[in-house]
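**Student:** my questions are about this predicted structure, shown below with the sequence.
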Amino acid sequence: MTAPTIISLNVNGLSSHHKLKSIITMLSSSKPDILCFQETFTSQSSPPSSFFIHLLKSIWSGHFFYSKHLITLISPSYSAKFTFLSPDERIMDVSISSPFSSFIIRNIYAPPFLNSQFWSSFPPLPNTNHLICAGDFNTTTQFHDRWSSQPFAKNLPNLLLLQSCFPNMIDLAGSLPGPPHFTLIRNYSSYTSKSRIDYILISPSLFTSTLKTFTIFMNSLSDHQAVVLKPSPLHKHSSHWRMNTSYLSIPYVQTNISNILLSYSSSPSSHNWDKCKYDIKNYFKSISHSFSKKNKSAIFNLSNRIKNLQNSSNPNSSLISTLKQKLAELEHKHF
């Protein structure tokens, strides 16, 4: 079973149905199956009227579930059933099924204040191997997931959050090489800050090597960027795949492979063992593809730099020699 296309976005309030329509229109090019919105009516002093909810529902042809802080939209191609809402209305579970798949989506909007108290009382995950959790967590989970042009010692990441509240789930955006997928970028008069506080996590059983994740800039519609998790179109590849075992030394790769293994530990049949190996291979292929793409780009850029230096009027032989050695290392790594 493969994951659907899912988009998560903090909409920063829905004061009119026109805003929701503009957001859905802007995200429609990604062809989402599920839309998880947060901070929908948080700032409103009273619940939205039935007429206003009716206007909102008229924009989306599928299933529409809402609370004070959340809206979860499901494609009409799925059957959907509301199953859980936390007392503070910040956590919503919806059970989803089709002839080809079934899973649960948990939409989350953690408060920006009293954040640690929220996570310390976070309810257990639904008892299923097919789960997707999405939302604005209002905290980072890795040191490099926040950047600021000035010190921010008071904003330390919640390093144990994913391990404690989302065991055995994969944070694909947090596993990819390269810079973080920042979702909240703010420019102040004296400094700029960037944070990755919006997430989509999936069960290992929903992971495939075709999954990709990226963000969408929402212009003036929100101060957050939308997070997208989407299967890529299938491409023909060589039947031979070589595992680059050097990636096994990376801590987050070890953690995610361990999570996949743990998810099958309760049912050690031969069939499940084969499925477990298949899931690990797909995860590793996805990570390897991302590293390979980054390495190809580095080779291309370095080759051009060497070429330009060689063609310059006053070539720096020492620098060219150093860059050539680096290029040889990159090409060997790529091979």
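**Tutor:** Perfect, thanks for sending it. Residues are numbered from 1 along each chain as shown.
**Student:** hey, let's count contacts and neighbours off CA atoms from now on
**Tutor:** Fine.
**Student:** domain parsing for the protein?
**Tutor:** Following automatic domain parsing, one gets these domains for the chain: 6-235, 251-335.
**Student:** by mean pLDDT, show me the worst of the ones you listed.
**Tutor:** Of all the domains of the chain, mean pLDDT reaches its minimum on domain 251-335 (a mean of 78).
**Student:** out of the domains of the chain, nearest to residue 244?
**Tutor:** domain 251-335 (7.3 Å; C-alpha to C-alpha).
**Student:** which SSE is immediately downstream of the longest helix anywhere in the chain?
**Tutor:** In the chain, taking DSSP state H as the definition, the longest helix is helix 270-310. Along the chain past helix 270-310, the next helix or strand (assigned with DSSP states H and E) turns out to be helix 317-334.
**Student:** how far is that following helix from where the chain is centred?
**Tutor:** 34 Å (C-alpha atoms, centre = their mean, to the nearest Å).
**Student:** next one: stretch 190-207
**Tutor:** Distance, centroid of stretch 190-207 to centroid of chain: 5 Å (C-alpha atoms, centre = their mean).
**Student:** sorry, back to before: comparing the domains of the chain, which comes out most buried?
**Tutor:** Ranked by mean neighbour count under mean count of other C-alpha atoms under 10 Å, these are led by domain 6-235, which reaches a mean of 17.
**Student:** for residue 110, give me its contacts.
**Tutor:** By C-alpha atoms under 8 Å, 6 or more residues apart in numbering, residue 110 lies in contact with 90, 118, 119, 136, 137, 138.
**Student:** revised request: answer the last question for residue 282.
**Tutor:** So residue 282 contacts 207, 208, 209 (C-alpha under 8 Å, 6+ apart).
**Student:** rerun that using 6 Å as the cut-off
**Tutor:** By C-alpha atoms under 6 Å, 6 or more residues apart in numbering, residue 282 lies in contact with 208, 209.
**Student:** sorry, back to before: and of the contacts of residue 110, the nearest to residue 157?
**Tutor:** Nearest member of the contacts of residue 110 to residue 157, counting by C-alpha to C-alpha, is residue 138, at 10.3 Å.
**Student:** helix/strand/coil for that closest one?
**Tutor:** With DSSP: H, G, I helix; E, B strand; the rest coil as the basis, residue 138 sits in coil.
**Student:** so it sits against residue 113, correct?
**Tutor:** No - with contact defined as C-alpha atoms under 6 Å, residue 138 does not reach residue 113; the gap is 8.7 Å.
**Student:** now residue 169. Nearest residue, chain neighbours left out?
**Tutor:** With sequence-adjacent residues excluded and distances taken as C-alpha to C-alpha, 6 or more residues apart in numbering, residue 169 is closest to residue 203, at 4.8 Å.
**Student:** need the contact list for the one you found.
**Tutor:** Per C-alpha under 6 Å, 6+ apart, neighbours of residue 203: 130, 131, 169.
**Student:** what's the closest non-adjacent residue to the first one?
**Tutor:** Ranked by C-alpha to C-alpha, 6+ apart and with sequence neighbours excluded, the top spatial neighbour of residue 130 is residue 103, at 4.8 Å.
**Student:** can you tell me the strand partners of whichever strand or helix holds that neighbour and which way each runs?
**Tutor:** Taking DSSP H and E as the definition, one finds residue 103 inside strand 102-109. Paired with strand 102-109 in the same sheet, following DSSP bridges, are strand 91-97 (antiparallel), strand 131-136 (parallel).
**Student:** same list, those, but as a markdown table with distance to residue 306 please.
**Tutor:** Shown next, in a markdown table, are the strands paired with strand 102-109 (distance: least, C-alpha to C-alpha, whole Å):
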| stretch | distance to residue 306 |
| --- | --- |
| strand 91-97 | 53 |
| strand 131-136 | 44 |
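**Student:** quick one: the helices in the stretch 51-200 of the chain?
**Tutor:** 115-120, 161-165, 172-175 (DSSP state H, counting those that start in this stretch).
**Student:** rebuild those as TSV, extending it with distance to residue 15.
**Tutor:** Putting the helices of the stretch 51-200 of the chain into TSV (distance: least, C-alpha to C-alpha, whole Å) gives the following:
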stretch	distance to residue 15
helix 115-120	25
helix 161-165	32
helix 172-175	30
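**Student:** out of those helices, flag the one nearest residue 69.
**Tutor:** helix 115-120 (14.2 Å).
**Student:** check the offset of that closest one from the chain's centre.
**Tutor:** Worked out by C-alpha atoms, centre = their mean, helix 115-120 lies 21 Å from the chain centre.
**Student:** what do you get for stretch 51-64?
**Tutor:** For stretch 51-64, the distance to the chain centre is 26 Å (C-alpha atoms, centre = their mean).
**Student:** swap in stretch 44-55?
**Tutor:** 30 Å.
**Student:** please consider this matter closed, and thank you.
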